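I would like to see how this sequence folds:
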Amino acid sequence: MEYQKQYEHYLSLAQQALERQANTCFEEDSEVGKAACYSLFSGGKRVRAVLCLAVCDMLGGDLQTAADYAAAIEMLHCYSLIHDDLPCMDDDDMRRGKPSCHKAFGEATALLAGDALLTAAFEVLCNAPNASVEAVSVLSGAAGARGMIYGQELDLRFEQVRADARQLEQIHANKTGKLIKAAVLLGAVAASASKEQKNALEYYAAQVGMVFQIVDDILDVVSTSEELGKPVGSDRENGKSTFVTLYGLEESRRMAQEKTKNACDALELFGESASFLRTLALSLAERKQ
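Coordinates of the predicted model:
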């Protein structure tokens, strides 16, 4: 199947799972539920969901289970974006071309909507067909105090203080990379992958996660708010270190290409069956939004 059609197929599976789960996770008259769904269904590439489904499909696993896992990781990712945009964090008014959740519903409702999505993610994992304790462990570890939350803590710590290269990688390996690793590993869990397969996929995900962040930093400099659907330049305004401020545009582009090659090389174990994952890595390095 041609890459774009395959991407749209995985996207459709994830969207169907999200709609099904949203209908069961929130009360009909809940303002918190409306706020959660406002953010959850506001668009986006759903890269994490697609990675989860693509890995499972490549390994011949159960796509119904993987679709629920993909929905769970998108719910958790959405919670993190809602909380990221709050005034006490990044204080961003726009997300995906729309007012951010707290601008549309107020801070208290947005905070609860994020909390609701976080807990809903684990409800979905636990109720999935062939539910796995390993899947819960993968997602909780990636999202918790030694994962995404730690990355956000470091990100706040280094506002107005210049991070060095090691610290910058540590921030984004946790804040961005851990959830991308979790997406890949959830797909592997749904397919009962071997340890060797999981190790290769984990390295692929680590490289893809760093590429995603480097390109984000590049786009924050070379794109407009209209093109990205969110404010640009806020990292510079907040005094945060980025790959561009640390290395410059050209070196950042070179690093993204190098890490993309590393990601593709990590898939050698899977042969031609990994062609979609290779193309996905290349597309993330070349994306414009």
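
Show residues contacting stretch 241-257.
158, 162-165, 167-168, 211, 213-215, 217-218, 220-222, 235-236, 285 (Cβ atoms under 8 Å, 6 or more residues apart in numbering). C-beta: built from backbone N, CA, C; applies to glycine.

again, 7 Å this time
158, 162-163, 165, 168, 211, 214-215, 217-218, 220-221, 235, 285 (Cβ atoms under 7 Å, 6 or more residues apart in numbering).

And that stretch, end to end?
20 Å (Cα to Cα, to the nearest Å).

If we go by neighbour counts, what in it is buried?
Of the residues in stretch 241-257, Ser241, Thr242, Phe243, Val244, Thr245, Leu246, Tyr247, Ser252, Arg253, Met255, Ala256 count as buried by neighbour count, 16 or more other Cβ atoms under 10 Å.

how about the nearest residue to the last one once chain neighbours are set aside, what does it touch?
Distances taken as Cβ to Cβ, 6 or more residues apart in numbering put Ile214 closest to Ala256, at 4.5 Å, once the chain neighbours are dropped. If you count contacts by Cβ under 7 Å, 6+ apart, Ile214 has them with Phe243, Ser252, Met255, Ala256.

Can I take it that Ile214 is in a helix?
Yes: checked against DSSP: H, G, I helix; E, B strand; the rest coil, Ile214 lies within a helix.

Let me know the pLDDT of it.
pLDDT, Ile214: 96.

Distance check, it against Met148.
18 Å (Cβ to Cβ, to the nearest Å).

Buried residues, the helix or strand hosting Leu219. List them.
Leu219 belongs to helix 195-222 when elements are defined using DSSP states H and E. Across helix 195-222, burial judged by 16+ other Cβ under 10 Å covers 197-198, 200-201, 203-221.

next one: stretch 44-63
Buried residues in stretch 44-63, counted by 16+ other Cβ under 10 Å: 44, 46-59, 61-63.

just to revisit the earlier point, kindly reformat the buried residues of stretch 241-257 as JSON lines containing secondary structure, pLDDT and distance to Glu27.
Shown next, in JSON lines, are the buried residues of stretch 241-257 (DSSP: H, G, I helix; E, B strand; the rest coil; pLDDT from 0 to 100; distance: Cβ to Cβ, whole Å):
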{"residue": "Ser241", "secondary structure": "coil", "pLDDT": "89", "distance to Glu27": "42"}
{"residue": "Thr242", "secondary structure": "coil", "pLDDT": "94", "distance to Glu27": "41"}
{"residue": "Phe243", "secondary structure": "helix", "pLDDT": "96", "distance to Glu27": "43"}
{"residue": "Val244", "secondary structure": "helix", "pLDDT": "95", "distance to Glu27": "44"}
{"residue": "Thr245", "secondary structure": "helix", "pLDDT": "93", "distance to Glu27": "45"}
{"residue": "Leu246", "secondary structure": "helix", "pLDDT": "94", "distance to Glu27": "46"}
{"residue": "Tyr247", "secondary structure": "helix", "pLDDT": "96", "distance to Glu27": "48"}
{"residue": "Ser252", "secondary structure": "helix", "pLDDT": "97", "distance to Glu27": "45"}
{"residue": "Arg253", "secondary structure": "helix", "pLDDT": "96", "distance to Glu27": "47"}
{"residue": "Met255", "secondary structure": "helix", "pLDDT": "97", "distance to Glu27": "46"}
{"residue": "Ala256", "secondary structure": "helix", "pLDDT": "97", "distance to Glu27": "43"}
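
residue ranges for the helices of the stretch 101-250 of the chain, please.
101-105, 107-127, 133-143, 148-157, 165-172, 178-190, 195-222, 225-228, 234-237, 243-247, 249-265 (DSSP state H, counting those that start in this stretch).

Could you point out which of those sits nearest Ser80?
helix 148-157 (6.2 Å; Cβ to Cβ).
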